[in-house]
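*Asks:* model the structure of this input:
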Amino acid sequence: MVLVTLSIDMDFESFEKLSKAEANAILRRFLEVESVRINETVRQCAVDGIKMDYGIKSIAPFMQWVLSKLATVPKEPDPTVPEWLRNNEIYINNLFDFDGPSGVLVLRAGYYLGESFVRSHKSLHWSTGDIETMEANMPAVVGFQHQLEMAPVLVADNLLARIVSDPDKIGDIESAVESWNGDV
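*Replies:* Numbers count the residues shown, from 1 in each chain. I've put the predicted structure just below:
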């Protein structure tokens, strides 16, 4: 079995190479592990007055709490990227990775995002991403309109990174949740 771990450094190619059985095994393990490990995060949030009840309205406050805990480490610019792009403010502002503990929080945020949608809507369930999409074989929430799939770890990582690089985008959390909720 190919060993692929979920992390904030989502390696699309590794997921694409998985067999369906391997992808399902990773999904089962992800759900098994995160359904237990999220409990400590729930306790930490409760201490800070954040209620995590797996309701759609609890996602944004939880994500904002996660944002307050994230730490980054700088990345070097990629010399293979054209200079005009390397000098772009957006590129420069995104030259970071989340540190190890932050990566764990992003993973928890992804699990909570997906699980909240699954618990809130009977039409949704966990599965593996369609092999024909970017989310190929990743843990995904499926059952949305128009065959949309949510790869919640990827969504959480992208959303949180966007706000870390531009704090004025904090409203994007609620916008994203509303958008996904509208596609159920």
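
*Asks:* check the offset of the longest helix along the chain from the chain's centre.
*Replies:* In the chain, assigned by DSSP state H, the helix with the most residues is helix 20-47. On the basis of C-alpha atoms, centre = their mean, to the nearest Å, helix 20-47 is displaced by 13 Å from the centre of the chain it belongs to.

*Asks:* could you check how far the closest residue to P61 other than its chain neighbours is from A60?
*Replies:* Leaving aside its sequence neighbours, P61 sits nearest to I50 (C-beta to C-beta, 6 or more residues apart in numbering; 5.4 Å). Every residue, glycine included, has its C-beta placed from N, CA and C. For I50, the distance to A60 equals 10 Å [C-beta to C-beta, to the nearest Å].

*Asks:* if I look at S120, how far off is V36?
*Replies:* 21 Å.

*Asks:* I meant to write A151 there.
*Replies:* In terms of C-beta to C-beta, A151 sits 21 Å off from V36.

*Asks:* tell me which of those two has more neighbours.
*Replies:* A151 (24 against 9; other C-beta atoms under 10 Å).

*Asks:* so that one sits right up against S127, yeah?
*Replies:* No. Assessed by C-beta atoms under 8 Å, A151 is found out of contact with S127, at 10.6 Å.

*Asks:* and the nearest residue to Q64 once chain neighbours are set aside, what's its pLDDT?
*Replies:* Nearest residue to Q64, sequence neighbours excluded (C-beta to C-beta, 6+ apart): I173, at 6.7 Å. I173 is assigned 98 on the pLDDT scale.

*Asks:* any idea which element I173 lies in?
*Replies:* Using DSSP states H and E, I173 maps to helix 172-182.

*Asks:* identify the residues contacting that helix?
*Replies:* I56, I59, A60, M63, Q64, F117, F144, M150, V155, L159, R162, I163 (C-beta atoms under 8 Å, 6 or more residues apart in numbering).
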